[in-house]
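In: Take a look and give me a structure for this.
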Amino acid sequence: MAEIPLYFVDLQDDLDDYGFEDYGPDCDNMRVTAFLDIPGQDNLPPLTRLEKYAFSENIFNRQIIARGLLDIFRDFSNNEEDFLTVMEIIVRLSEDAEPTVRTELMEQIPAIAVFLQENRSDFPVVFSEYLIPIVVRYLTDPNNQVRKSSQEVLLILLEQDLIFQHDIENKVCPILLELSAADSDDEYKVEAVSIICKMASMLSKSTVERLLLPRFCELCGDGKPFQVRKVCATNFGDICHAVGQEATEKFLIPKFFQLCSDNVWGMRKACAECFMAVSYSTSPAARRTTLSPLFIRLVSDPCRWVRQAAFQSLGPFISTFANPSRAGLYIREDGTLSIRPPAQDLDSEFASGSPTPGSSVDTSVASSTKPLQMEPDLPMEGTSTETSGFLHITSFSKGLMENPVEGSALVGAESARPSSVASAFSELPGVNAVPMSRHPGPDSWAFPGSSEDMFSNFLYWRPPLPDISVDLELLLSEAGPQEEDCSTPETVHNSCVARSEIQKVLESLQEHMMNDPDVQAQVQVLSAALRAAQLDSVNEPESKPTEGLNAVSISDPGSASDNQIALSASSSQNELSVARILQSTDPGEPPDGTSDHLETGQRHDPILLEENKSKLQDIIPQPLLDQYVSMTDPARAQTVDTDIAKHCAYSLPGVALTLGRQNWHCLKDTYETLASDVQWTVRRTLAFSIHELAAILGDQLTAADLVPIFNGFLKDLDEVRIGVLKHLYDFLKLLHEDKRREYLYQLQEFVVTGNSRNWRFRYELAEQLILILELYNPNDVYDYLMHIALKLCADKVSEVRWISFKLVVAILQKFYSNSESALGLNFINELIIRFRHCSKWVGRQAFAFICQAVVSEECVPADQFVELLLPSLLGLASDPVPNVRLLLAKALRQTLLEKAYFRNAGNPHLEVVEETILTLQSDRDQDVSFFATLEPKRRNITDMTVLEKQK
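Out: Residues are numbered from 1 along each chain as shown. Here you go, the predicted structure:
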């Protein structure tokens, strides 16, 4: 019993009552011997004495026993009978009426479990029979602190895999299901669902799906308390990840829809925050057709806080659409970006034309994924190909579909015109009547059957067809009046349907328009559209659509064409806004008639069509991209979040990676807008990620679009420049050699900072220059970078100077590794002039450190070091400043004499070095003489002794 330690941290009065006058509250641990050696104690056996104090009437005694359980197990685990007796005492102690005793006991369970696992062969039986029931029982303890402790202990045990599957299914899960039952108290229910959500990731998929998933779906219902539903919504992504894709789409997605439509805005906000995690657990088809309309509804939510959370999650949600087989960009295991080599698919070479010599061949057909007509803002669930009005030419063969564009000069041209192949395909008669079917691959459209089963001469390379677009436009303009006359009934029907849809949305938005500018703006747009639709329905039977335009054309043909374009543009923009509002408000129903009106307006407005076509892509749903691009709108900062532009900038590399190089034109304007934002935090965010974006876009797009922005960041505030500087090497290495040389002179601008006290800026510059040396030839290093290094070596802050000395050594290594001895000689002479003969002792000390680093790194041949640097180094032995001599003693004794070249007895310079060391050994400064006397071998032995003592 004398070997049982106890811990006393309670009041001194309690210690005095039991004869512990000699022990203060600072005493960390005590043995039970001290507790039991009080005069007058009976000579009881150790276990009997332990049991006596474990069930003493004094709470302090019981707390001490509970706190020292681990050491008690260590003392009694060797004897089986004693061990079982201790286990029975613990079980009885767990029923203590005092909550502090139960809390102390529960906090010792993880350590006891680990000890038993390491020392007991029957650990599973002992842990299951004695300790697990205590943890499970404490989950229903009436005291809140005891319950919190048991919850934490349960998660720790699960994380360390100390609870076996049988106990999880038969002891842990049943109590959690009981606590989360309908008749349970709300407080217990919230705690139980929180534990279920946290432990789901630690259990097997089958266990979660079989035991916990039904209860979780039940707790997500509308009739449950708000706190319970809030916990479910917050941890929804973890449950989806635990059960997998199939169970998520079958059971959880319907519940997620209910939570996203909850009347409490906090619930919808929690759903918006976990949207990305839910999206990762769904299939691409469900992500596109189901989750995307739901997210659009959250982005247009009447509550500002919900919209704020939705816009913050918009970029991460878009990133879940990333498909490496389409974007051609892969993330390796080490986190670096990888690009698919073009040799895997030769068809992309033929489809994109012959690559020019020296250009990146890592491309495929950009135009093969270009849409030929305007896509409606949202592909609605259940909408057929005919009603969507959007035709994807995804691939000409199976191989083309797997190798998307990798960013070349074609990207810039494709935004202005479709490629010759796509244009020819769009001009073939009856192309819209080709039956389409959903391809098994993710998010792609293809012809029925595989490309091997269907033969068509168009699926293979052929000379481009002649451009007959002008003739087609003439034919369409001639046939326009006849088509309009024939389609009048259909137009009237579509107009009626559109009016009814607009009226429904207006009624739903009326109750939310009091204090929300976004909703008010939507109501204004819809009201105007409703009035226009009613006016059209009244005027259509009375007059023909072409009469007004014909009257104008008689008087002024030029103004007629201008008015026609202006009217078409205004009507198209109005219909576009209405369509987006309708889709975002009710994503489950297709807006009948709106798509046709939108298509008609855009067909008659080539300017708007050309402008919108540059934003089109088929990687993600177009409404998501439209909402993301709108985050740079200044109105969003007023109605959603003042930091919305910063969130847009933060997620832009992920969105760019998802879209791929071929769709960079969709984000180019957004990036330029963010780069010129008035908030420096937005520009700082872009500056920190511009190197990642450059790796995604490749050297050609980087040189065209990112380099001008990069140059602007170089002249920005120090808070923005530091983002560029931290990854300067990563960005410069992606540029072409000629483009990279243009920054040699601009690197000198980093030495000048807006605040001279910002020494970390110059420290970062020195670190980056060490890496940048490999990007330039020795002559460029000598002409430009060497002068920056010398200036940094004379910095006022010692940290900057020390890192700059390493930069100097790296420059010397660059010269001599490239056989540029002349440049190295000139640099060494410059070092001697600037530092060896410096009037300040700091400069002379720097020279000693540089020489020591040169010898240590062996960047200068030994014979040249002896000839050029050693005489100047030994001359520091007579320096009046002890700090200089101290560093000289370290350089000679700890570095120089350890090299084989100087240990050679025949070395003519060894005698001079030893004489200098003898002089330093008799130095009047004790520190100098100590380091000059300390032998290298003795120093190593001393270091080993210190390390052994530390162990």
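
In: what residues are up against the spatially closest residue to residue 200 that is not a sequence neighbour?
Out: Of all residues not flanking residue 200 in the chain, residue 242 sits nearest, at 4.0 Å (Cβ to Cβ, 6 or more residues apart in numbering). Using the backbone N, CA and C atoms, a C-beta is placed for each residue, glycine as well. Taking Cβ atoms under 8 Å, 6 or more residues apart in numbering as the criterion, residue 242 is in contact with 200-201, 203, 205, 208.

In: now with 6 Å?
Out: When contacts are counted by Cβ atoms under 6 Å, 6 or more residues apart in numbering, residue 242 touches 200-201, 208.

In: And residue 634, by the same measure?
Out: For residue 634, the contact set (Cβ under 6 Å, 6+ apart) is empty.

In: cool, residue 643 as well?
Out: If you count contacts by Cβ under 6 Å, 6+ apart, residue 643 has none.

In: try residue 801
Out: Neighbouring residues of residue 801 by Cβ under 6 Å, 6+ apart: 793, 795.

In: run the last query once more with 7 Å
Out: 793, 795, 846 (Cβ atoms under 7 Å, 6 or more residues apart in numbering).

In: how long is stretch 206-220 from one end to the other?
Out: Using Cα to Cα, to the nearest Å, the end-to-end distance of stretch 206-220 comes out at 20 Å.

In: Could you pull out the buried residues of it?
Out: By neighbour count on 16 or more other Cβ atoms under 10 Å, the buried set for stretch 206-220 is 207-209, 211-213, 215-217, 219-220.

In: Export the residues you listed to TSV and append columns for secondary structure and distance to residue 746.
Out: Formatted as TSV, the buried residues of stretch 206-220 follow (DSSP: H, G, I helix; E, B strand; the rest coil; distance: Cβ to Cβ, whole Å):
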residue	secondary structure	distance to residue 746
207	helix	60
208	helix	56
209	helix	59
211	helix	63
212	helix	59
213	helix	59
215	helix	62
216	helix	57
217	helix	59
219	helix	59
220	coil	57
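
In: Looking at the contacts of residue 801, which is nearest residue 707?
Out: Taking Cβ to Cβ as the measure, residue 795 is the one of the contacts of residue 801 closest to residue 707, at 29.6 Å.

In: Check the gap between the residue nearest to that closest one when sequence neighbours are not counted and residue 772 for me.
Out: Spatial nearest neighbour of residue 795, excluding adjacent residues (Cβ to Cβ, 6+ apart): residue 801 at 5.3 Å. Per Cβ to Cβ, to the nearest Å, residue 801 is found 19 Å from residue 772.

In: Residue 632 too?
Out: When distance is defined by Cβ to Cβ, residue 632 is 33 Å away from residue 772.

In: Only C-alpha atoms, please: export the helix or strand where residue 240 lies in CSV.
Out: Under the criterion of DSSP states H and E, residue 240 resides in helix 236-247. Output in CSV follows, covering the C-alpha atoms of helix 236-247 (Å, rounded to 0.1, in the frame of the first residue of the first chain):
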residue,chain,number,x,y,z
PHE,A,236,-24.8,16.9,-41.9
GLY,A,237,-21.6,16.6,-44.0
ASP,A,238,-19.9,14.3,-41.5
ILE,A,239,-22.9,11.9,-41.6
CYS,A,240,-22.9,12.0,-45.4
HIS,A,241,-19.2,11.1,-45.5
ALA,A,242,-19.7,8.3,-43.0
VAL,A,243,-22.5,6.5,-44.8
GLY,A,244,-21.3,7.0,-48.4
GLN,A,245,-22.8,8.1,-51.7
GLU,A,246,-25.7,5.6,-52.0
ALA,A,247,-27.2,6.2,-48.6
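
In: list the buried ones in that helix?
Out: Neighbour-count burial for helix 236-247 flags 236-243, 247 (criterion: 16+ other Cβ under 10 Å).

In: Likewise for stretch 245-261?
Out: 247-249, 251-253, 255-256, 258-260.

In: got the residues you listed as JSON lines, with pLDDT, secondary structure and distance to residue 49 columns?
Out: What follows is the buried residues of stretch 245-261, written out as JSON lines (pLDDT from 0 to 100; DSSP: H, G, I helix; E, B strand; the rest coil; distance: Cβ to Cβ, whole Å):
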{"residue": "247", "pLDDT": "94", "secondary structure": "helix", "distance to residue 49": "56"}
{"residue": "248", "pLDDT": "95", "secondary structure": "helix", "distance to residue 49": "58"}
{"residue": "249", "pLDDT": "94", "secondary structure": "helix", "distance to residue 49": "63"}
{"residue": "251", "pLDDT": "94", "secondary structure": "helix", "distance to residue 49": "57"}
{"residue": "252", "pLDDT": "95", "secondary structure": "helix", "distance to residue 49": "57"}
{"residue": "253", "pLDDT": "95", "secondary structure": "helix", "distance to residue 49": "62"}
{"residue": "255", "pLDDT": "94", "secondary structure": "helix", "distance to residue 49": "58"}
{"residue": "256", "pLDDT": "95", "secondary structure": "helix", "distance to residue 49": "60"}
{"residue": "258", "pLDDT": "93", "secondary structure": "helix", "distance to residue 49": "61"}
{"residue": "259", "pLDDT": "94", "secondary structure": "helix", "distance to residue 49": "58"}
{"residue": "260", "pLDDT": "94", "secondary structure": "helix", "distance to residue 49": "63"}
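
In: Redo the residues you listed as TSV? Include distance to residue 626.
Out: What follows is those, written out as TSV (distance: Cβ to Cβ, whole Å):
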residue	distance to residue 626
247	32
248	27
249	26
251	32
252	28
253	24
255	28
256	23
258	27
259	25
260	20
